[in-house]
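Trainee: Provided below for reference: sequence and predicted model.
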There are 4 protein chains.
Amino acid sequence: MNVTIWNENIDETNQVEKVLEVHPHGIHNTVKDIIAELGDDVHITTATLQEEQIGLPDEVLNQTDVLIWWSHKGHDQVPDEIVAKIHHRVLAGMGLILLHSSHYSKLLKTILGTTGDLQWRDDTYERIFCVNPTHPIAQGIPENFELGVEECYTEYFDIPKPDDVIFLGWFDIGNVFRSGCTWTRGYGKIFYFQPGHETNHSFFHPHVRQIIKNGCKWVCPTAYKENFGAPHIDVTLEEIRKANQ
Amino acid sequence: MNVTIWNENIDETNQVEKVLEVHPHGIHNTVKDIIAELGDDVHITTATLQEEQIGLPDEVLNQTDVLIWWSHKGHDQVPDEIVAKIHHRVLAGMGLILLHSSHYSKLLKTILGTTGDLQWRDDTYERIFCVNPTHPIAQGIPENFELGVEECYTEYFDIPKPDDVIFLGWFDIGNVFRSGCTWTRGYGKIFYFQPGHETNHSFFHPHVRQIIKNGCKWVCPTAYKENFGAPHIDVTLEEIRKANQ
Amino acid sequence: MNVTIWNENIDETNQVEKVLEVHPHGIHNTVKDIIAELGDDVHITTATLQEEQIGLPDEVLNQTDVLIWWSHKGHDQVPDEIVAKIHHRVLAGMGLILLHSSHYSKLLKTILGTTGDLQWRDDTYERIFCVNPTHPIAQGIPENFELGVEECYTEYFDIPKPDDVIFLGWFDIGNVFRSGCTWTRGYGKIFYFQPGHETNHSFFHPHVRQIIKNGCKWVCPTAYKENFGAPHIDVTLEEIRKANQ
Amino acid sequence: MNVTIWNENIDETNQVEKVLEVHPHGIHNTVKDIIAELGDDVHITTATLQEEQIGLPDEVLNQTDVLIWWSHKGHDQVPDEIVAKIHHRVLAGMGLILLHSSHYSKLLKTILGTTGDLQWRDDTYERIFCVNPTHPIAQGIPENFELGVEECYTEYFDIPKPDDVIFLGWFDIGNVFRSGCTWTRGYGKIFYFQPGHETNHSFFHPHVRQIIKNGCKWVCPTAYKENFGAPHIDVTLEEIRKANQ
């Protein structure tokens, strides 16, 4: 499994201290440490906004089985043509994990076709409830757990009806959120997971780590779509049956 | 539209004061007042556990388009053969609204096939969030509203994956709940709605009243299943095509 | 209800005889006759590719509650900025019906985010089966009916998992198709319906007419999304509760 | 993984020749050969209607991770109390695969709560289309394949809306069917698969075998529900937060 972890890496590049305190090597490397726990069969690449072609040239993207994405301030700096390439690659089968503020990424808006609108407030307290205990992404996760301090995201969250809502978030300031959601698009599977504010420690919470690892395994493609297009049906059943006689 | 409102009517019969203070004529009549706001086209019947055949003899049940159900202490006193009749009537098309503690009714367990398990605690504070604003049951309801004091029901709620989750409940003691859920079974539509504890005033909240009225209209059948059974296909397309030549 | 019917109107403009034989006033006017059967409360506008701004200037689009779309050869001639406006209008609540070859329109690809890929062959024979008899779009439609000669569209159809699959198509050359599908996006409802090849008579079939009329009523918005954006939560529950004391 | 394969074994016991020609050791052993291909990690038991407690005493059932079920003429001979035990075991997490005519088993009717009604005709020709290529049950299966001679089952099929429809069946006599469907109930996963008439050779088709093996792996539980009931919430978040300070 080839996993590519993309991070806008803006606060880190700008040496924002309260971000570096939590993620001394950048959010991409924090997430890399999580995925590395999946073992040696997983080949991990990181990529950031600051790199050539934002670190996702064709030779990287076309080898990627799972793309993990974190963006916030830099949504608009991601070039449209790379968004289009990622979109196509997802339709072909590549798995996609969208973390936290990526709800407002061009990727989510383009692939899912909705605004990703929600409301938010920093420094609240979150509990997470599992409402889909048989889902592979919930494997090993209790029916609810204390996440602790996180940024509140609240409904109404403008997303297409998820194939599955796995987690609901409860926030002490009076709000709820569909915190873990999945979709498929073409041959690609997508997992959105809400925790992961840049100054909070959610990515170090053991259940969050487990969920991201589970998500990585779940979105990993079992098949790639090879035939794009809308071809004429050249052979009918009648002809197939004759050929098989 | 013929609406039948069923209430176990146990606390009321036992003259439990704190229930009668809220529902002086019984929960069934409180709900009747809500449905009556739908206008003169709706013919309303009430029925209770204390009546002959719990108020649901065939001549009532077979004329009912929408059955609204509230039970709590008396789940087990509802005869199995009447549950079976209601189940069959739902599969034929009758709409069903299950209110509050009916999550543990024989009806829900039989028709949906799960336990209805949850956890609960009295006298908490609830907010309700709409996560499905295009659903007819959400018509006229804001994206969230303050319900006030209600009994907390919390996930994990053991129900089949709903066709639609319309409302999520947030409770101040740290819990969330899928508070408004729909399913279809056969030709029948089912709406479960969580508010309505016997000593709380939720049924007098204008948004709750609107939701129950919307629910009543939504579950009302547009067609009845007439043919039960698994018959042989006596006529094939080949024969139909010949007959139409 | 303001309904706008859009047709690329290319074959008609080019005087393609076998199309004009079926649709002497263009496909848009054939569909207009269907919608007109909904009665005088419906205000109908038609629009075509050949008009200024393809007949959809802001003053038309912003008054439209339901947009019905038929395109085939002219998908690429629809300007991207008008697609973006329609997309936004759907997210705000406008209903959208995509007919037949519109599976390959920019609209479907942009709003749903998949390719719309399928396979096809002309002049086959189709039967339609209802697999969702409680859905409002199925009201008055039997459990199956003979459509007759139609263009075969076959799975795999590359669409997001529909909120509801209402109809399945059976084709005599050995193929099946999810022929009637719904989604919601933002506050907008979308209905894709497969029949309607330009040289076939499906739009004159009474059940097809009923389905399109049902679809028009179903996608018609009950609410419009007014607040776009991701605002800060300025007031918490604590403050709301204090204000209500 | 402990897999128990249950077969009513009636035709086989009655020495019905055309069944024994296809399944010389009974349908249960035909299916056993399929599951055995999953390798040595799978422990397989067979059970039949003729055995004591139909071969499913508590010590067998409570060790079973996946139950595969084939019944037809003997639906009514399965004791209600064993159906209730299986139902409970599914809610606790046991996977369930219902094959072919089991659409009319007490198990399906009890667990899913619908009639399982459909229409049928022997000796037709079936093609199977995959409409959910990312589902684990579809892994290794092409977008469509020729099944060959099978009993036609046709819509309307009276089942709850599946969590996923994976396969659609096309039949040459003019019919379609949702041939592969999944649901979850409680912690249990359920897969219904339509092929497998007693006198046809579908269980020897390589794709059918792959689908059943995939299904077995997919329904196998990743967790068991341990806490049944609806307990009071004894500890609130307030208390949890204090305890964690």
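Mentor: That came through, no problem. Since this is a predicted model, take the numbers as computed values, not measurements.
Trainee: around chain D, which positions in chain A sit nearby?
Mentor: When proximity is defined by CB under 8 Å from any CB of the partner chain, chain A lies next to chain D at A:93, A:125, A:127, A:132-134, A:136, A:138-140, A:146, A:172, A:184, A:187-189, A:221-223, A:225, A:237, A:240-241, A:244. Where C-beta positions appear, they are placed from N, C-alpha and C, glycine not excepted.
Trainee: show me which of those residues are buried.
Mentor: Among the residues of chain A next to chain D, those buried by neighbour count (16 or more other CB atoms under 10 Å in any protein chain shown) are A:93, A:125, A:127, A:132-134, A:138-139, A:172, A:184, A:187-189, A:221, A:223, A:225, A:237.
Trainee: narrow those residues to those in strands?
Mentor: Those of those mapping onto strands are A:Y125, A:R127, A:T184, A:G188, A:K189, per DSSP state E.
Trainee: show me where chain A has strands.
Mentor: In chain A, the strands defined using DSSP E lie at A:2-7, A:43-48, A:66-70, A:95-99, A:119-130, A:144-154, A:164-171, A:175-185, A:188-193.
Trainee: which one of those lies nearest to D:T115?
Mentor: Using CB to CB as the measure, strand A:164-171 is the one of those that comes nearest D:T115, at 27.0 Å.
Trainee: check whether the closest one comes near chain B.
Mentor: Yes. Using CB under 8 Å from any CB, we find that strand A:164-171 touches chain B at A:D164, A:V165, A:L168, A:G169, A:W170.
Trainee: B:V60: which of the residues you listed is nearest?
Mentor: Distance to B:V60 across those (CB to CB) is lowest for A:V165, with 38.2 Å.
Trainee: mind pulling up the pLDDT for the spatially closest residue to the closest one that is not a sequence neighbour?
Mentor: The shortest distance from A:V165 to any non-neighbouring residue, by CB to CB, 6 or more residues apart in numbering or on different chains, is to A:R178 (5.0 Å). On pLDDT, A:R178 comes in at 98.
Trainee: okay, the strands of chain A in a markdown table with distance to D:I35 next?
Mentor: Compiled in a markdown table, these are given as follows (distance: least, CB to CB, whole Å):
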| stretch | distance to D:I35 |
| --- | --- |
| strand A:2-7 | 33 |
| strand A:43-48 | 34 |
| strand A:66-70 | 31 |
| strand A:95-99 | 29 |
| strand A:119-130 | 30 |
| strand A:144-154 | 36 |
| strand A:164-171 | 27 |
| strand A:175-185 | 28 |
| strand A:188-193 | 27 |
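Trainee: which residues touch the most centrally placed residue in chain A?
Mentor: In chain A, the residue lying closest to the centroid (CA atoms, centre = their mean) is A:I97, at 1.5 Å. Listed by CB atoms under 8 Å, 6 or more residues apart in numbering or on different chains, the contact partners of A:I97 are A:V66, A:L67, A:I68, A:W69, A:I190, A:F191, A:Y192, A:F193, A:I212, A:G215, A:C216, A:V219.
Trainee: do A:R209 as well
Mentor: The neighbours of A:R209, taking CB under 8 Å, 6+ apart as the test, are A:I34, A:E37, A:F203.
Trainee: pLDDT added to these, as a markdown table?
Mentor: Shown next, in a markdown table, are those (pLDDT from 0 to 100):
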| residue | pLDDT |
| --- | --- |
| A:I34 | 98 |
| A:E37 | 98 |
| A:F203 | 98 |
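Trainee: closest to chain C among the ones in strands among the buried ones among the residues of chain A next to chain D?
Mentor: Taking CB to the nearest CB as the measure, chain C lies nearest A:T184 of those, at 6.5 Å.
Trainee: can you tell me the closest non-neighbouring residue to the closest one?
Mentor: Once flanking residues are discounted, A:T184 sits nearest to D:T134: 4.8 Å by CB to CB, 6+ apart.
Trainee: hang on, isn't A:S101 packed against A:L107?
Mentor: No. Applying CB atoms under 8 Å, one finds A:S101 not in contact with A:L107, separated by 11.9 Å.
Trainee: shared neighbours, these two?
Mentor: Common neighbours of A:S101 and A:L107 (CB under 8 Å, 6+ apart) are A:S71.
Trainee: which residues does the residue nearest to A:V165 bridge with?
Mentor: When assigned by DSSP bridges, A:R178 has beta-bridge partners A:L168.
Trainee: quick check, it in contact with A:E155.
Mentor: Yes. Applying CB under 8 Å, one finds A:R178 in contact with A:E155, separated by 7.0 Å.
Trainee: that older thread, and the two most separated of the ones in strands among the buried ones among the residues of chain A next to chain D?
Mentor: Spatial extent of those (CB to CB) is set by the pair A:Y125 and A:G188 at 34.1 Å.
Trainee: enumerate the residues of chain A near chain B.
Mentor: Proximity of chain A to chain B (CB under 8 Å from any CB) is limited to residues A:127, A:129-133, A:143-144, A:154-157, A:161, A:164-165, A:168-170, A:172, A:174-176, A:178.
Trainee: buried among these? Make that a PyMOL selection.
Mentor: For the buried members of those, the matching PyMOL selection, counting by 16+ other CB under 10 Å, is:
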select buried, chain A and resi 127+129+130+131+132+133+143+144+154+155+156+157+161+164+165+168+169+170+172+174+175+176+178
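Trainee: interface residues of chain A facing chain C?
Mentor: Proximity of chain A to chain C (CB under 8 Å from any CB) is limited to residues A:87, A:91, A:104, A:110-121, A:152, A:154, A:158, A:160-161, A:163, A:173-175, A:183-186, A:225, A:227-233, A:236-238, A:240.
Trainee: appreciated, that's everything.
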